[in-house]
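Engineer: Give the three-dimensional model of this entry:
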Amino acid sequence: MIKFINMFFSFKGCMTRTEYWLALIPILIVANILGYYIGYDDLALETKNSIGLFICLIISILLILSKTFIVAKRLADIGIPKAWSIITIIPLIGDVLSLLVGLIPSKKLVR
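Structural biologist: A predicted model of the protein is given here:
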């Protein structure tokens, strides 16, 4: 359980491409389901379900944070400073960065 939490909510360590995609795909699936719930004919807004919207907001914030942590770990693996992961918060630009980071091969360390 602690390893799972550290994977999604910690800047420590780095991730290979395989680990990166295995961590990112569930986040994208949950984000799409959440977006469908919020955006489908404004169902959430019409019913004035404020508790449902609040829960969606909390889940969205957790998804954004976990995506940022995952990208930071992948950036460390390819030799780019982790601070660049903050760009993932910017819509579209962050999505492109997330895609590119997943495609770049790991940096080989000289030992």
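Engineer: residue contacts, the most centrally placed residue in the chain?
Structural biologist: Centroid-nearest residue in the chain, with CA atoms, centre = their mean: Lys67, separated by 1.6 Å. Residues near Lys67 by CB atoms under 8 Å, 6 or more residues apart in numbering: Leu24, Ile27, Thr88, Gly94, Ser98. C-beta coordinates here come from the backbone N, C-alpha and C atoms, glycine included.
Engineer: ok, the first one touching Val101?
Structural biologist: It refers to Leu24. No. With contact defined as CB atoms under 8 Å, Leu24 and Val101 do not form a contacting pair (9.3 Å).
Engineer: Who has more neighbours out of those two?
Structural biologist: Of the pair Leu24 and Val101, Val101 is the one with more neighbours under other CB atoms under 10 Å, namely 24 against 20.
Engineer: The more buried one: which element?
Structural biologist: Element membership for Val101, per DSSP states H and E: helix 93-103.
Engineer: For that helix, which residues meet the burial criterion?
Structural biologist: If you call a residue buried by 16 or more other CB atoms under 10 Å, then helix 93-103 has these buried ones: Gly94, Leu97, Ser98, Val101, Gly102.
Engineer: hey, where'd the strands end up in this protein?
Structural biologist: With strands called from DSSP state E, the chain shows none.
Engineer: if we can go back for a sec, tell me the mean pLDDT over the helix holding Val101?
Structural biologist: Helix 93-103 shows a mean pLDDT of 90.
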